[in-house]
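1. Quick one: sequence plus predicted model below, questions after.
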Amino acid sequence: MRIIVFAILIFIPLWLIHHGRRRWGACILGIYLIATYLRDPGAVLAVFFTILIVLGMYWTVTAQDV
């Protein structure tokens, strides 16, 4: 359940970035990373890889065949 909530929280700034609100999305992602680092420095890598996985899934779903 926690990972689903986390994925949703990561998806929100990615959605903002995709729809032209790059600054807002980047700020939210930065806040997530800083908050995670302050809570548990070892978890930052997990957050980073989760962002990469979610980005990969997002790009796969939204990819258009040329």
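-> Perfect, thanks for sending it.
2. got the buried residues for stretch 47-57?
-> 47, 50, 51, 54 (16 or more other Cβ atoms under 10 Å). C-beta coordinates here come from the backbone N, C-alpha and C atoms, glycine included.
3. Longest helix of this protein, counting residues only.
-> The longest helix of the chain (DSSP state H) is helix 43-62.
4. What helices and strands are in contact with it?
-> helix 2-18, helix 22-39 (3 or more Cβ pairs under 8 Å, 6 or more residues apart in numbering; DSSP states H and E).
5. Could I have the CA atoms of the shortest one written out in PDB?
-> The C-alpha atoms that make up helix 2-18 are tabulated as PDB, following Å, rounded to 0.1, in the frame of the first residue of the first chain:
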ATOM      1  CA  ARG A   2       2.800   2.400   0.800                       C
ATOM      2  CA  ILE A   3       4.500   1.900  -2.600                       C
ATOM      3  CA  ILE A   4       1.200   2.700  -4.300                       C
ATOM      4  CA  VAL A   5       0.900   6.000  -2.400                       C
ATOM      5  CA  PHE A   6       4.500   6.700  -3.100                       C
ATOM      6  CA  ALA A   7       4.100   6.100  -6.900                       C
ATOM      7  CA  ILE A   8       1.100   8.400  -6.900                       C
ATOM      8  CA  LEU A   9       3.100  11.100  -5.200                       C
ATOM      9  CA  ILE A  10       5.900  10.700  -7.700                       C
ATOM     10  CA  PHE A  11       3.400  10.700 -10.600                       C
ATOM     11  CA  ILE A  12       1.900  14.100  -9.700                       C
ATOM     12  CA  PRO A  13       5.000  16.200 -10.400                       C
ATOM     13  CA  LEU A  14       5.800  14.100 -13.500                       C
ATOM     14  CA  TRP A  15       2.300  14.900 -14.800                       C
ATOM     15  CA  LEU A  16       2.900  18.600 -14.000                       C
ATOM     16  CA  ILE A  17       6.200  18.500 -15.900                       C
ATOM     17  CA  HIS A  18       4.500  16.800 -18.900                       C
END
